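K.L.:
Fold the following for me, if possible:
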Amino acid sequence: MLSVKSYSREYIDACRARLDSQLAAYRAVASNRTTTTAVDEAFDVAFFNNLVLTLEVYFLHRMRGQEKKNGNPLNEVRVLAASMTTADDIMTSDPTINLDPAKSILGYAVGDRIALDEKQFVALSDAFFAEIETKFGPQLAP
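P.N.:
Here you go, the predicted structure:
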């Protein structure tokens, strides 16, 4: 597939709705917990880490030059997804992206174990969609 310069309003909204639906399903299950066990915590990490992968896949073909390499939320999701799939959930670096943990949404540094919770995922997802809207939104369509 060719690099994507813009996404339609319908596509962005559909991706956001799918994630919202998955979050609602998680919240329905989590709200029935009377205690949080180690199994629950492991499930939560797997679930939210996988939602990061989902977020990346929805917008996988975004044009990298247009995305920039300045450590923005799109870069953060890209590096997180690459780290999760190639380094067993250990944060790695991408020499082409200037990702400063102190300025990132989640603050992961190289070598940290990636283990998102709901609050972290929501913050990352909100920032990611805001950046998608700005850099790849329908207003940029030819």
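
K.L.:
The spatially most central residue of the chain - nearest residue in space that isn't next to it in sequence?
P.N.:
Centroid-nearest residue in the chain: Val52, 3.7 Å away (criterion: Cα atoms, centre = their mean). For Val52, ignoring the flanking residues on the chain, the nearest one in space by Cβ to Cβ, 6 or more residues apart in numbering is Leu80 at 5.2 Å. All C-beta spots, glycine's among them, are computed from the backbone N, C-alpha and C.

K.L.:
is it true that that neighbour lies in a strand?
P.N.:
No - going by DSSP: H, G, I helix; E, B strand; the rest coil, the assignment for Leu80 is helix, not a strand.

K.L.:
pLDDT score assigned to the residue nearest to the centre of the chain?
P.N.:
Looking at Val52, its pLDDT reads 99.

K.L.:
Quick one, grab the pLDDT at Ala141.
P.N.:
At Ala141, pLDDT is 74.

K.L.:
Could I get the contacting residues of it?
P.N.:
Lys5, Ser6, Ser8 (Cβ atoms under 8 Å, 6 or more residues apart in numbering).

K.L.:
please redo it, this time with the cut-off set to 10 Å
P.N.:
Applying Cβ atoms under 10 Å, 6 or more residues apart in numbering to Ala141 gives the contacts Lys5, Ser6, Tyr7, Ser8, Arg9.

K.L.:
any chance of those in CSV, with pLDDT too?
P.N.:
Formatted as CSV, the contacts of Ala141 follow (pLDDT from 0 to 100):
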residue, pLDDT
Lys5, 94
Ser6, 94
Tyr7, 95
Ser8, 95
Arg9, 95
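
K.L.:
By neighbour count, which of the residues you listed wins?
P.N.:
Tyr7 (23 neighbours; other Cβ atoms under 10 Å).

K.L.:
That residue should be in a strand, yeah?
P.N.:
No - assigned with three-state DSSP, Tyr7 falls outside any strand and is coil.

K.L.:
returning to that earlier point: tell me which element the residue nearest to the centre of the chain is part of?
P.N.:
For Val52, the host element (DSSP states H and E) is helix 38-58.

K.L.:
Tabulate the CA atom coordinates of that helix in CSV.
P.N.:
Taking Å, rounded to 0.1, in the frame of the first residue of the first chain, the C-alpha atoms of helix 38-58 are listed here in CSV:
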residue,chain,number,x,y,z
ALA,A,38,-2.5,-11.1,39.5
VAL,A,39,-4.4,-12.8,36.6
ASP,A,40,-6.5,-9.7,36.2
GLU,A,41,-3.5,-7.5,36.2
ALA,A,42,-1.8,-9.7,33.6
PHE,A,43,-4.9,-9.6,31.4
ASP,A,44,-5.1,-5.8,31.7
VAL,A,45,-1.5,-5.4,30.5
ALA,A,46,-2.0,-7.8,27.6
PHE,A,47,-5.3,-6.1,26.7
PHE,A,48,-4.0,-2.5,26.7
ASN,A,49,-0.7,-3.4,25.1
ASN,A,50,-2.7,-5.0,22.3
LEU,A,51,-4.8,-1.9,21.9
VAL,A,52,-1.6,0.0,21.2
LEU,A,53,-0.9,-2.5,18.4
THR,A,54,-4.4,-2.0,17.2
LEU,A,55,-4.0,1.7,17.1
GLU,A,56,-0.8,1.4,15.1
VAL,A,57,-2.3,-1.0,12.6
TYR,A,58,-5.3,1.3,12.0
